[in-house]
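Whatever this is, show me its structure:
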Amino acid sequence: MEQYNLVTVLGPTACGKTTLAVALAHRLHTGVISADSRQVYRSMDLGTGKDLDEYAYQGCQVPYHLIDIVDAGYKYNVFEYQRDFLKVYEALRADSQLPVLCGGTGMYLESVLRGYRLVEVPENKELRESLAAKSLDELTEMLKSYKQLHNTTDVDTCKRAIRAIEIEEYYRTNDANVREFPEIRSLTIGLDISRELRRERISRRLRERLEQGMVDEVRGILATGVAPEDLIYYGLEYKYLTLYIIGELSYEEMVTQLEIAIHQFAKRQMTYFRGMERRGVPIHWIDATLPTEEKVDLIEHLIRQSK
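Prediction:
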């Protein structure tokens, strides 16, 4: 039996994950499965950093999956991600491919790499109504009381916090029939980037995307009828750009607060990945500044070593 049936590329925002994953998938003649909680949404392009042109490598189009699969405004969740991942993963494996999983959403990655057995959690209207008047601080404290809590890093709005409580309450009060998950044996690669370089790349990329029309992108999504609060729910770029567009922040306030929020998010990502290691996910960290082909050579060597 081969040791690995998946290769995972993870790391904080702006570390070069997509570039490496595409080059690796090209070398392995396979596709890239995204593990980004916001790239699933159609029309949310600049703000999520899709960079779909990167999937063209050395004149070849590398297939990508789980990008642009639902409409903006929808509340996609980790249960749906795990279900959709398995469909793509099993199809690629049936074609004798070694898929490349790539992303920075810790819960999505861990749900696959540790094989969480998840159930779909229905809405609890009574619970939602009882929580509606509570502040974000109060909701966050409530979340901390649940033993099963996996992650609080993305709970930056009351809606998100209420949904997280709803999920935890369901797990606590239901003897759920969990779904079996296949054995995933992943070679997991982490891109190691210094704090200084990461901050520099984040700031530069933010300004580039603003110049490329990120504000107009958000205006366009709002013009389709998506409610401002639904975009704010997605956090980061969509939260702060929406607050600017609806007049709650000046442009300068938006840029400053958004830049700080992205830096904080990248730090939380690294904290989450270190936590994954403590919870039993081995991660091979490699220098993000190495040339792409050199990184691919290193990963290919690790794959060959395992056979």
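
In the sheet, which strands lie alongside the helix or strand hosting residue 191, parallel or antiparallel?
Using DSSP states H and E, residue 191 sits within strand 186-192. Using DSSP bridges, strand 186-192 pairs in its sheet with strand 6-10 (parallel), strand 284-287 (parallel).

ok, and what's touching the very next helix or strand once past the shortest one?
I take that to be strand 284-287. Counting by DSSP H and E, the next helix or strand C-terminal to strand 284-287 is helix 292-305. Helix 292-305 is contacted by residues 4, 7, 16, 19-20, 23-24, 27-28, 98, 187, 189, 284, 286-287, 290 when judged by Cβ atoms under 8 Å, 6 or more residues apart in numbering. (Glycine included, C-beta is placed from N, CA and C.)

let's see it at 10 Å
Helix 292-305 has contacts (Cβ atoms under 10 Å, 6 or more residues apart in numbering) with 2-4, 7, 9, 16, 19-28, 57, 98, 100, 187, 189, 191, 284, 286-291.

Could you do stretch 246-254 as well?
With Cβ under 10 Å, 6+ apart as the contact definition, stretch 246-254 has outside contacts at 210, 215, 222, 228-229, 231-232, 237, 239-245, 255-258.

from those residues, which would you call buried?
The neighbour-count test (16 or more other Cβ atoms under 10 Å) applied to these identifies 210, 215, 222, 228, 231-232, 237, 239-245, 255, 258 as buried.

Can you list the buried residues in stretch 276-289?
Using 16+ other Cβ under 10 Å as the burial criterion, the residues of stretch 276-289 that qualify are 276, 281, 283, 286, 288.

for stretch 63-82, that is, sorry about that
Neighbour-count burial for stretch 63-82, counted by 16+ other Cβ under 10 Å, picks out 64-69, 72-73, 76-82.

And the closest residue to residue 272 other than its chain neighbours, how close does it get to residue 123?
Spatially, and ignoring its direct neighbours in sequence, residue 272 is nearest to residue 106 (3.7 Å; Cβ to Cβ, 6 or more residues apart in numbering). Distance of residue 106 to residue 123, given as Cβ to Cβ, to the nearest Å: 25 Å.

quick one, which of these two is more surrounded?
Neighbours per residue, other Cβ atoms under 10 Å: of residue 106 and residue 123, the larger number sits with residue 106, 23 against 11.

tell me the helices in the protein, going along the chain?
For the chain, applying DSSP state H gives helices covering 17-28, 78-94, 106-113, 125-131, 136-144, 158-173, 195-211, 214-223, 228-232, 236-245, 251-278, 292-305.

nearest to residue 42, of the ones you listed?
Among the helices of the chain, the nearest to residue 42 by Cβ to Cβ is helix 214-223 (9.5 Å).

packing partners for the closest one?
Here helix 214-223 touches helix 195-211, helix 228-232, helix 236-245, helix 251-278, going by 3 or more Cβ pairs under 10 Å, 6 or more residues apart in numbering; DSSP states H and E.

Noted, bye for now.
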